[in-house]
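Visitor: For reference, the sequence and a predicted model appear below.
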Amino acid sequence: MRSFHYERAADTPDAVAACAAGATIIAGGTNLLDLMKREVVQPERLIDITRLDLRTIESAEGGLSIGALVSNSDLAAHRDVRRDWPVLAQALLSGASGQLRNKATTGGNLLQRTRCYYFQDSAMPCNKREPGSGCHALGGATRLHAILGGSDACIATHPSDMAVAMTMLDASLDIIGKDGASRRLRLRDFYRLPGDTPHIETVLQPGDLIAKVVLPPPAGGRQTYRKVRDRASYAFALVSVAARIELAEGRIADASLAFGGIAPRPWHDPAVDRLLVGEVPSAALFARVADVLLDGAAPQEGNAFKVPLLRRTLTATLNELCREIPQ
Ligand code: SF4
């Protein structure tokens, strides 16, 4: 690990100013410190934001306001989350380990970096780590890589489970800019696809600080998070589905789905949601939904298995949520 300058922000303006001057934010450090030890990233200056007043979970606007420093453990265990947004608790508890969830923060979870093997190995060419150097994943080991949304420059996946659930729930972010003004942004508009600039992963500007995540009011229906991975715990998703389905008189009255492990960002396709609404649940309908979702999929040899896996995981999730509940 290279030497770096460390300082602790006293308040939000302090943090924003340091950030605008080029400092890298550190909070839980569960991802950043690993990357620094491997010299995947080499920040010269760290600004520690753990003393900022961003640890509150409270009702807001009919929904829930979650401070950026709320730990993944506290968020998963929160009474309101478990009652009204259980998909979020499920997604959080499916990720990492208990120790990591105790340290990892809400803001950090959103901004964690890909676990692409070549990105994590500073000896390997990687367009995301070093723009223009190439992509060894293309034609290489791609078990964890994208089948949707990738480019000729990068096919890495976003690793967060929490972000998939929040994307399905249509959460928003409150972001404080370097001028001190706060702005709100839908999480669905936060992540960029790689294109030819895979090193730019979000729409954040220099100096921006994520202050909180805001969940909209609880919606009706049933919700779940289904994750398929190589180990039963402490493994990233090969494929995951966050879904909410509301049934009325035998038809799907409302639907929202998001997917993880298959794209450079939590994947939400509005056409998939639209196709379900108003329809009677059936195997034929779910097959059509999978066709729409997978339209444009571009798997590599090493991750072609994700196409049928995603189809089956989607179908199993919809079957579960559309099942009649015995009275
Ligand atoms: Fe780097 Fe992206 Fe290629 Fe992985 S897939 S080696 S992160 S450019």
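Guide: Now that the structure is in, tell me what you want to look at.

Visitor: how close does the closest residue to Gln112 other than its chain neighbours sit to the ligand?
Guide: Of all residues not flanking Gln112 in the chain, Asn31 sits nearest, at 4.5 Å (CB to CB, 6 or more residues apart in numbering). Glycine gets a C-beta too; all of them are placed from N, C-alpha and C. For Asn31, the distance to the ligand (CB to the nearest ligand atom, to the nearest Å) stands at 14 Å.

Visitor: can I assume Asn31 is in contact with Leu110?
Guide: No: between Asn31 and Leu110 there is no contact under CB atoms under 8 Å: 11.0 Å.

Visitor: hang on, the earlier thing: what is the neighbour count of the residue nearest to Gln112?
Guide: Residues near Asn31, counting by other CB atoms under 10 Å, number 20.

Visitor: Show me which positions of the longest helix along the chain end up buried.
Guide: Ranked by residue count and defined by DSSP state H, the top helix of the chain is helix 306-322. Going by neighbour count (16 or more other CB atoms under 10 Å), the buried part of helix 306-322 is Lys306, Val307, Leu309, Leu310, Arg311, Thr313, Leu314, Thr315, Thr317, Leu318, Leu321, Cys322.

Visitor: Also stretch 63-82?
Guide: Quick answer for stretch 63-82 (16+ other CB under 10 Å): 63-76, 78, 81.

Visitor: Which of those sits closest to the ligand?
Guide: Asn72 (23.6 Å; CB to the nearest ligand atom).

Visitor: With adjacent residues omitted, what lies nearest to that closest one?
Guide: Arg101 (4.0 Å).

Visitor: quick one on the thing from earlier: any residues touching the longest helix of the chain, and which ones?
Guide: 147, 221-224, 226, 228, 238-241, 243-245, 247, 252, 257, 259, 261-262, 276, 281, 283, 286-287, 289-290, 293-294, 297, 299 (CB atoms under 8 Å, 6 or more residues apart in numbering).

Visitor: what do you get for stretch 122-133?
Guide: Taking CB under 8 Å, 6+ apart as the rule, stretch 122-133 contacts 38-41, 114, 116-119, 134-136, 153-154, 156, 194, 197-199, 201.

Visitor: Repeat the analysis, applying 6 Å as the threshold.
Guide: Arg38, Glu39, Val40, Tyr118, Phe119, Gly134, Cys135, His136, Ala153, Cys154, Pro198, His199 (CB atoms under 6 Å, 6 or more residues apart in numbering).

Visitor: Dump these to a markdown table, plus secondary structure and neighbour count.
Guide: Formatted as a markdown table, the contacts of stretch 122-133 follow (DSSP: H, G, I helix; E, B strand; the rest coil; neighbours: other CB atoms under 10 Å):
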| residue | secondary structure | neighbour count |
| --- | --- | --- |
| Arg38 | coil | 13 |
| Glu39 | coil | 12 |
| Val40 | coil | 17 |
| Tyr118 | coil | 24 |
| Phe119 | coil | 23 |
| Gly134 | coil | 13 |
| Cys135 | strand | 24 |
| His136 | coil | 17 |
| Ala153 | coil | 18 |
| Cys154 | coil | 28 |
| Pro198 | coil | 25 |
| His199 | coil | 14 |
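
Visitor: could I get the residues you listed as TSV with distance to Gly177 and pLDDT?
Guide: Shown next, in TSV, are these (distance: CB to CB, whole Å; pLDDT from 0 to 100):
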residue	distance to Gly177	pLDDT
Arg38	31	95
Glu39	30	95
Val40	27	97
Tyr118	33	98
Phe119	28	98
Gly134	34	98
Cys135	32	98
His136	36	96
Ala153	28	98
Cys154	27	98
Pro198	24	98
His199	21	98
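
Visitor: nearest to Leu92, of those?
Guide: Phe119 (23.7 Å; CB to CB).

Visitor: Skipping its backbone neighbours, what lies nearest the closest one in space?
Guide: Cys126 (4.9 Å).

Visitor: Against Thr197, how distant is the one you found?
Guide: 13 Å (CB to CB, to the nearest Å).

Visitor: who has more neighbours, those two?
Guide: Taking neighbours as other CB under 10 Å, Cys126 and Thr197 compare with Cys126 leading, 26 against 15.

Visitor: For beta bridges, what are the partners of that one?
Guide: When bridges are called by DSSP bridges, Cys126 pairs up with Cys135.
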